[in-house]
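A.B. asks: build me a model from this:
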Amino acid sequence: MMHLEERMAATLTDVAQAAGVSLATASRAFKEPDRLAASTRARVQEAAADLGYGVTAPQRSLTFAVVVPDAANPVFAALIAAIQEQAWNGRHKMILANTAEHPAREQEILTTIGLGVSGVILASPRLPSDVIKSAIGLTPLVVINAAVDFCPSVLMGADAGISQAFEHLHALGHRHVAYVPGPANAWANQRRHEVATEVATQWGMRLTVVGNQSATVEGGLAAAAPVVSSGATAVLAYNDLVALGLQSGARSLGLHCPRDLSIIGIDDLNIAAVAVPGLTSIRVDIAQGGTQAFTLLTDLIGGKGPAPREDHRTSQLIVRGSTDAPPVRAAADRDLT
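C.D. replies: Numbering: from 1, shown residues only. You can find the predicted model right below:
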């Protein structure tokens, strides 16, 4: 049987690497060429021509599934778009399934969807590893953001960015930080909580963790009251949506960001840059994570799949206007301790 990689056309990632540009720049060369310098555009187009990118190879297209907990969440929307962009080069067909954060629905989808597809990408599962393994059976599987030991996984952690965030807040003078967690059964939430606890201890900072919230603007609104009552001068939110909801909720309680409360989100969605004030956020490698997950899946289906392994993606703090020095009263209290 011919391996999949021998039948697949060149991908946009291949073009980006050959041209020495980012994946986003390579994409603009085809979708928004006027936004690039002529020399950059020409370099990308030359690499595409050399690799045969865009030429549909005679091949059997795959049908694969992507399962997410919340398709309306911009993070998963970006992830889905990145996977589909990569799959389009080989004219592969993608089936999307939304679990709506219900573990029972996730289990039913995994049990049934594997019967009609060549493989599955499961993003941010809410089920434990053993249940996932039992439900998916022998269908090739790649998991995004979950600790599994029976299949390849892509972990878009925020460890480095969280460490940078606490260093940033400490330098500004903050000594009491709140963490607003997301869904309790999400790997990303558990990992972010662990790292925040470790780093806060390293910097000698007090960390208050409020109750788990949904990964939405509404979750941030609900967290505003306990965050404000905690007395923390800064807050790290589970994601950007929670951070923006928190900012609105705190404002309704009389606190201004960043004068009274500094706020940091995670994911660095487009909306973070245009929020007022701009949201300081931890940039997570969402698009590259989706691209890598699809590459691992096609390798797995094609017979050259790796042994179960974790592919760790990086993160980076992006500082904007939502973080500043703590209120004068809080700073005075800190100096007295």
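
A.B. asks: going forward, measure contacts and count neighbours with C-alpha atoms only.
C.D. replies: Noted.

A.B. asks: please compute how far stretch 149-166 lies from its chain's middle.
C.D. replies: Distance of stretch 149-166 from the chain centroid (CA atoms, centre = their mean, to the nearest Å) equals 9 Å.

A.B. asks: just the buried residues of it, please?
C.D. replies: Residues 150-159, 161-166 are the ones in stretch 149-166 that count as buried (16 or more other CA atoms under 10 Å).

A.B. asks: end to end, how far does that stretch reach?
C.D. replies: End-to-end span of stretch 149-166 (CA to CA, to the nearest Å): 31 Å.

A.B. asks: circling back: among the buried residues of stretch 149-166, name the ones in helices.
C.D. replies: Asp159, Gly161, Ile162, Ser163, Gln164, Ala165, Phe166 (DSSP state H).

A.B. asks: any idea which of these is closest to Leu12?
C.D. replies: Checking these against Leu12 with CA to CA, the nearest one is Gly161 at 27.2 Å.

A.B. asks: right, and the closest one touches Arg283 too?
C.D. replies: Yes: between Gly161 and Arg283 there is a contact under CA atoms under 8 Å: 7.4 Å.

A.B. asks: shared neighbours of those two, anything?
C.D. replies: Listed as contacting both Gly161 and Arg283 by CA atoms under 8 Å, 6 or more residues apart in numbering are Ser315, Gln316, Leu317.

A.B. asks: per-residue confidence at the second one?
C.D. replies: At Gln316 the predicted local distance difference test score is 97.

A.B. asks: shouldn't it be within a strand?
C.D. replies: Yes: assigned with DSSP: H, G, I helix; E, B strand; the rest coil, Gln316 falls within a strand.

A.B. asks: residues near it, how many?
C.D. replies: By other CA atoms under 10 Å, the residues close to Gln316 number 21.

A.B. asks: which ones are touching it?
C.D. replies: Residues near Gln316 by CA under 8 Å, 6+ apart: Ala158, Ala160, Gly161, Gln164, Ile282, Arg283, Val284.

A.B. asks: show me the contacts for the closest residue to it other than its chain neighbours.
C.D. replies: Closest residue to Gln316 apart from its sequence neighbours, by CA to CA, 6 or more residues apart in numbering: Gly161 at 4.6 Å. By CA under 8 Å, 6+ apart, the contact set of Gly161 is Ile282, Arg283, Ser315, Gln316, Leu317.

A.B. asks: what do you get for His312?
C.D. replies: Listed by CA under 8 Å, 6+ apart, the contact set of His312 reads Val154, Leu155, Met156, Gly157.

A.B. asks: roughly how far does the residue nearest to Gln316 sit from Gly245?
C.D. replies: In this structure, Gly161 and Gly245 are 21 Å apart, going by CA to CA.

A.B. asks: list the buried residues in stretch 238-251.
C.D. replies: 238-250.

A.B. asks: er, stretch 138-150 I mean
C.D. replies: For stretch 138-150, burial by neighbour count (16+ other CA under 10 Å) applies to Thr139, Pro140, Leu141, Val142, Val143, Ile144, Asn145, Ala146, Ala147, Val148, Phe150.

A.B. asks: so the second one touches Gly119, yeah?
C.D. replies: Right, Pro140. Yes: counting by CA under 8 Å, Gly119 is a contact partner of Pro140 at 4.7 Å.
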